[in-house]
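Chemist: Fold the following, please.
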Amino acid sequence: MTEKVSIIKNRAGIHARPAALIVQTAAKFKSKIFLQKGEDRINAKSIMGIITLGAGYESEIKIIADGEDETEAVETLDKLIQNRFEEE
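Modeler: Predicted structure coming up:
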């Protein structure tokens, strides 16, 4: 299992477009991937789960992956978050 904490840097937080990007990116990996905010943990391959997570600007999100490509999955999703979902 691989984990990494990432901070949401885009001003709008995770809304529909970033949620869709996360799901599309996570779907490329075979590993089980989760996003966790506080005590809430959701499947990163579920757009509704991501939107209901309510991750706003400067929220701390833990990316958790478990499987054969877990390290690459975590690093790729972290990079997507750090690049502000290519919005800014």
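
Chemist: Please enumerate the strands of the chain.
Modeler: 2-7, 32-37, 40-43, 60-66 (DSSP state E).

Chemist: I'd like those laid out as JSON lines, including mean neighbour count.
Modeler: From N, CA and C alone the C-beta is placed, and that goes for glycine too. Below are the strands of the chain laid out as JSON lines (neighbours: other C-beta atoms under 10 Å):
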{"stretch": "strand 2-7", "mean neighbour count": "14"}
{"stretch": "strand 32-37", "mean neighbour count": "20"}
{"stretch": "strand 40-43", "mean neighbour count": "15"}
{"stretch": "strand 60-66", "mean neighbour count": "19"}
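
Chemist: Is it possible to get a markdown table of these that adds distance to Lys79?
Modeler: Below are the strands of the chain laid out as a markdown table (distance: least, C-beta to C-beta, whole Å):
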| stretch | distance to Lys79 |
| --- | --- |
| strand 2-7 | 9 |
| strand 32-37 | 14 |
| strand 40-43 | 20 |
| strand 60-66 | 10 |
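
Chemist: Pull the contacting residues for the residue of the chain most remote from its centre.
Modeler: Here the chain reaches farthest from its C-alpha mean at Glu68, the gap being 18.1 Å by C-alpha atoms, centre = their mean. Residues near Glu68 by C-beta atoms under 8 Å, 6 or more residues apart in numbering: Lys30, Ser31.

Chemist: ok, now how distant is it from Ser31?
Modeler: 7 Å (C-beta to C-beta, to the nearest Å).

Chemist: Low-confidence stretches in this protein?
Modeler: Along the chain, the parts satisfying pLDDT under 70 run over 87-88.
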